[in-house]
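[1] predicted model and sequence follow; I will ask about them next.
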Amino acid sequence: MAAATVVRRRAGQLVQTTLPNASTATTCSTSRFAPIASQAQAQAPSLIPDCPSSRPSSSRPFSTTPSLGKRRVRFRDNNPNRGVSVLYRSGPREPRSMSRVDLPRPRDVDLKKLAAERVDPDHGLWEFFYDKMAANTPAESGEHGRSWTVEELRAKSWDDLHKLWWVCCKERNRIATAANMREEYEMGFGDNEGDERDAVVLKTMKSIKHTLTERWYAWEDAVKLAKEDPEIDLTAGEGQAYTPRDYLSEEEIVEAQITAPKKGEGTSIPPPPPTSRSRDVRGGAKI
Amino acid sequence: MTNPLRPLSAFSQLSIGVSRTSIRLGSTRRRWKRPRPDLTGFEPGWGEKIWIWREMHTNHVVYSHGEQMKVHAIHASKALDQLPFIFKKTKPSKLRKDYWQKMALIDFGSGKDVVGRSVFQKLRELRHLHEVSWGNEMFFTANGQRTKRERAWALCDQHANTVADMACVLSGVGPSNKMAVNMNEDGTKELLPVKVFWENDLDREYAEEWSDNVEHRFLSEIEKIRKRRDRKERKEKKKKKGLAGAASEVEPEQTHAELVV
């Protein structure tokens, strides 16, 4: 059994106090050990029930060696941030090299407002985007109809076809921009829908070319016919080429053949309206 | 018999000259560590660039000399150490690649790694001061008072503070700031010219003023330059491969010839 004796200092005297339930026979409080014990208890209150000498402990038995009997105090807890709190504005633990400098404070600006002020909302380059967004959602880019067919386009005028061509160019630019954005931001979706949309636009553009090629051949044939047709004078002014006749006398036919200029002499056939054959679609659409 | 060791008189017991009692029984070890930059073992060029990373949602900001945000295992702790614990859940337990994006890059130029490391230290110190000694305005918002939790999240947001710090440090402010290369005769500092590459050009508006030695550019420029370089390298590789292929075609003929011989 461990010692149950407590020694306390009172008015410079060492007084032994024996706890009532402890047996005096097994105490270690001889006069020889008393000063050591008192040293250990000097800072403690007068009666400590769980002081090392009074506590029955198997892990740390009573030792007469002073160094082991001394109370262990760790002065360092290896925490360099002890007492530093961000939430409670504790300040730094020790002054830093920048402590004497006025802490730089940021300007109170709203970047979104600034951005809105700087960029013109009606700038032409916005037409490269869908609703000023980087890219469409797949569902949005999936919402499109079929392409124009050649049958439908045959009935359209030159101006209509010209307009439709440039609408297609702009649409292709938008699709390409969205694809570029998807790649840049690594979105990982929407490529399939974008390609489908592009295919539809491309088909319309092919149909336009098809229609115009048909017209070109038709015009060439018409010119050939017109050259053989005596009622048509290609050298005449605009709107006066065709002079319908009910009949012609043989003399008149002979005269007409004689007076008609030979092929390639003085015939100035106006060329057909130019077909747009520019392959560089992106370059062509920079309006 | 007189003892030979015994002093002749009491006079000799007086301490004259270097007294024995004046010797202080203290440790002679140095109280502070002398900095030894030669022992740091930095790779050459470590510090020429400072990459600044920002978390998209919380606006946590982290500085790094390396370009890659290392998210795995022990490397991540380097970045995570820069984020203090403020309140429950405010400190991320790990770095998510998809949440962190490059905010800016400070380029000091080749051979200026010492300056870069000095600026890095200043930036970290200012960050700590921002976190630990903030103003009273942190208690309030436009609508009213912040709760403790809200204040914690507001303190995580160091986006604007970082830009202000950058402008301050790059203008040579602070003791032993190595941005100041020389002192002019009129007492002004001669500053090292640096380039700052921004992901978002508007960010720099957070600073009151930028010194003239700072050149502002876009981060995307770097990507373009790299892509161009990569393309060139790929072409060269292809060319080499082509040459190698041609060589391998020639080889069997040679072996055949050898066999014939």
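    Received the coordinates, thanks.
[2] B:I222 reaches B:E199, doesn't it?
    No - counting by CB atoms under 8 Å, B:I222 does not reach B:E199; the two are 10.5 Å apart. C-beta: built from backbone N, CA, C; applies to glycine.
[3] ok, B:F120 - contacts?
    For B:F120, the contacting residues are B:G47, B:I50, B:Y63, B:H65, by CB atoms under 8 Å, 6 or more residues apart in numbering or on different chains.
[4] in strands, which of the residues you listed appear?
    Mapping the contacts of B:F120 onto strands (DSSP state E) picks out B:I50, B:Y63.
[5] out of the contacts of B:F120, which comes closest to A:T137?
    Checking the contacts of B:F120 against A:T137 by CB to CB gives B:Y63 as the nearest, at 36.3 Å.
[6] which other residues reach stretch B:175-186?
    Residues contacting stretch B:175-186 (CB under 8 Å, 6+ apart): A:97, A:100, B:114-115, B:118-119, B:122, B:169-172, B:189-192, B:194, B:213.
[7] and if we set it to 10 Å?
    A:97-101, B:108, B:112, B:114-119, B:121-122, B:168-174, B:188-194, B:211, B:213-214 (CB atoms under 10 Å, 6 or more residues apart in numbering or on different chains).
[8] which among these end up buried?
    With burial judged by 16 or more other CB atoms under 10 Å in any protein chain shown, the buried subset of the contacts of stretch B:175-186 is A:98-99, A:101, B:108, B:112, B:115-119, B:121-122, B:168-174, B:189, B:191-192, B:194, B:211, B:213-214.
[9] got a ChimeraX select line for the buried ones in the contacts of B:F120?
    Listed next is the ChimeraX selection for buried residues among the contacts of B:F120, using 16+ other CB under 10 Å:
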select /B:47,50,63,65
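[10] biggest separation within the contacts of B:F120, which pair?
    Farthest apart among the contacts of B:F120 - using CB to CB - are B:G47 and B:Y63, which lie 11.2 Å from each other.
[11] any shared contact partners between these two?
    With CB under 10 Å, 6+ apart as the test, B:G47 and B:Y63 both reach B:V119, B:F120.
[12] hang on, the earlier thing: okay, and which of the contacts of stretch B:175-186 map to helices?
    Members of those lying in helices (criterion: DSSP state H): B:V114, B:V115, B:G116, B:R117, B:S118, B:V119, B:Q121, B:K122, B:C168, B:V169, B:L170.
[13] any idea how far B:K97 is from chain A?
    Per CB to the nearest CB, to the nearest Å, B:K97 is found 11 Å from chain A.
[14] for B:L202, give me its contacts.
    A:V109, A:L111, A:K112, A:L114, A:A115, A:R118.
[15] the last one: neighbouring residues, count only.
    The burial metric for A:R118, expressed as a neighbour count using other CB atoms under 10 Å in any protein chain shown, is 9.
[16] in chain A, what residue is nearest chain B?
    A:P106 (3.6 Å; CB to the nearest CB).
[17] show me what contacts that residue?
    Listed by CB under 10 Å, 6+ apart, the contact partners of A:P106 are B:130, B:158-165, B:167, B:205-208.
[18] what of B:E209?
    Contacts of B:E209 by CB under 10 Å, 6+ apart are A:R107, B:A164, B:A167, B:C168, B:S171.
[19] export those to JSON lines and tack on distance to B:L25?
    Listed next are the contacts of B:E209 as JSON lines, based on distance: CB to CB, whole Å:
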{"residue": "A:R107", "distance to B:L25": "59"}
{"residue": "B:A164", "distance to B:L25": "51"}
{"residue": "B:A167", "distance to B:L25": "53"}
{"residue": "B:C168", "distance to B:L25": "48"}
{"residue": "B:S171", "distance to B:L25": "50"}
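[20] and the furthest pair within these?
    A:R107 and B:S171 (15.3 Å).
[21] ok, so of the contacts of B:E209, who is nearest B:T28?
    Of those, the one sitting nearest to B:T28 (CB to CB) turns out to be B:C168, at 41.2 Å.
[22] who's in contact with the closest one?
    A:98, A:101-105, B:122-123, B:126, B:174, B:177, B:207-209, B:211.
[23] for B:K49, same thing?
    Here B:K49 is in contact with B:64-67, B:105-110, B:112-113, B:116, B:195, B:197 (criterion: CB under 10 Å, 6+ apart).
[24] and it, how close does it get to chain A?
    21 Å.
[25] can you tell me how far that residue is from A:E152?
    59 Å (CB to CB, to the nearest Å).
[26] and B:D201, by the same measure?
    The value you get for B:D201 to A:E152, if CB to CB is used, is 48 Å.
[27] no more questions from me, cheers.
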